[in-house]
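Peer 1: generate coordinates for the sequence data below:
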Amino acid sequence: QVQLVESGGGLVQAGGSLRLSCAASGRTFSMYAMGWFRQAPGQEREFVAVISTSGGTVYADSVKGRFTISRDNAKNTVYLQMNSLNSEDTAVYYCAAVVSNWYPRRQDDYYYWGQGTQVTVSS
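Peer 2: Okay, the predicted model is just below:
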């Protein structure tokens with residue numbers, strides 16, 4: 001059983017930055033691929049980024065060059081640094097985990113989910 005707790009969301013002006021954190025319970029964090037997804041009002045949840053067990057990363061085209069996913073296995077934490085935010089980034093952001101050595105990008109690929117953290121970008 002893995003529990004995920006996101007933090008770091010909030011209200012930011014367009015062009016600003018936020019860093020989200022996702023703390024995981026358990027002793028096998030390094031075995032998990034960690035992903036970030038987001039869901040805007042009235043829209044389906046979408047993939048944002050994933051980091052593999054080896055530290056490789058994949059990003060959605062909409063955030064490439066602006067967002068950076070990273071992990072600290074010693075702290076059981078994955079991060080999402082978000083720069084140059086715009087109103088289209090407004091959403092609830094979720095982290096997710098699955099035991100995998102690849103780069104899962106579909107919701108159905110993930111087994112554990114956090115409760116989400118709200119990010120609101122004002123224009």
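
Peer 1: state the mean pLDDT of stretch 33-51.
Peer 2: Across stretch 33-51, pLDDT averages out at 97.

Peer 1: quick check: buried residues in that stretch?
Peer 2: For stretch 33-51, the neighbour count (16 or more other Cβ atoms under 10 Å) marks 33-38, 45, 47-51 as buried. In this view, the C-beta of every residue, glycine as well, is placed from N, C-alpha and C.

Peer 1: ditto for stretch 67-76
Peer 2: Judged by neighbour count using 16+ other Cβ under 10 Å, the buried positions of stretch 67-76 are 67-69, 71, 76.

Peer 1: nearest to residue 5 among these?
Peer 2: When these are compared for distance to residue 5 (Cβ to Cβ), residue 76 wins out at 10.4 Å.

Peer 1: the residue at minimal distance from the centre of the chain - nearest residue in space that isn't next to it in sequence?
Peer 2: The centroid of the chain falls nearest to residue 36 when counting by Cα atoms, centre = their mean (2.4 Å). Nearest non-adjacent residue to residue 36, counting by Cβ to Cβ, 6 or more residues apart in numbering: residue 48, 4.3 Å away.

Peer 1: farthest-separated two in the buried residues of stretch 33-51?
Peer 2: Spatially, the most separated pair among the buried residues of stretch 33-51 is 45 and 51, at 18.2 Å (Cβ to Cβ).

Peer 1: kindly indicate which of the buried residues of stretch 67-76 lies nearest residue 92.
Peer 2: Top of the list for closeness to residue 92, among the buried residues of stretch 67-76 and by Cβ to Cβ, is residue 67 at 15.6 Å.
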